[in-house]
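Asker: need a 3D model of the sequence below.
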Amino acid sequence: MIADPDELTTARGLDDAIIGVGYRCGQPPVVVYAVERVIEILMTRDGMSNDEAIEFFEFNIEGAWMGNTCRYTDEATHPRQSARDSAE
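Answerer: Here you go, the predicted structure:
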C-alpha cells in the first residue's frame, strides 16, 4: 500500500524533518519525523535553546494525540540530549 500524501497528517513547519512514512498493520500510514531535525528547526526558526526546544517538542509535538493518523518520531540514530543530560 502506498500512502496518499493528501491523507497524511503533518506538523506545520516541520517538513524538513520528515524522514519517511510509517506503515502499521490495520492502521493508516503516518508521517515519520527525525527528532534531532525537529529540535534543530525549533532552535533555528523559533530561537529556542536546546532545552526549550526539547521541552516544547516533548509536550507539544510528541505528546500531542491527533488520532490514528498521528505522526511518529524516530530517534534511533540521534537521540535527543539536553544540556542537563550531557552534564551528568
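Asker: touching, residue 66 and residue 9? I think so.
Answerer: Yes: under the criterion of C-beta atoms under 8 Å, residue 66 makes contact with residue 9 at 5.5 Å. Bear in mind the C-beta positions are built from the backbone N, C-alpha and C, glycine included.
Asker: quick one: the helices in this structure?
Answerer: 35-46, 50-56, 83-87 (DSSP state H).
Asker: may I see the buried residues of the second one?
Answerer: Read that as helix 50-56. By 16 or more other C-beta atoms under 10 Å, the buried positions in helix 50-56 come out as 50, 53-54, 56.
Asker: what about it, average pLDDT?
Answerer: The average pLDDT within helix 50-56 is 95.
Asker: then the longest one?
Answerer: Confidence over helix 35-46 (mean pLDDT, whole number) is 95.
Asker: 8 is where my numbering starts, stick with that
Answerer: Noted, 8 is the first residue going forward, which turns the last one into helix 42-53.
Asker: which residues outside that helix are in contact with it?
Answerer: Helix 42-53 is contacted from outside by 18, 20-21, 23-24, 26, 55-57, 59-61, 63-64, 68, 80-82, 85-87, using C-beta atoms under 8 Å, 6 or more residues apart in numbering.
Asker: ok so, going back, okay, residue 73 and residue 16: which has more neighbours?
Answerer: More crowded of residue 73 and residue 16, by other C-beta atoms under 10 Å: residue 16, with 13 against 10.
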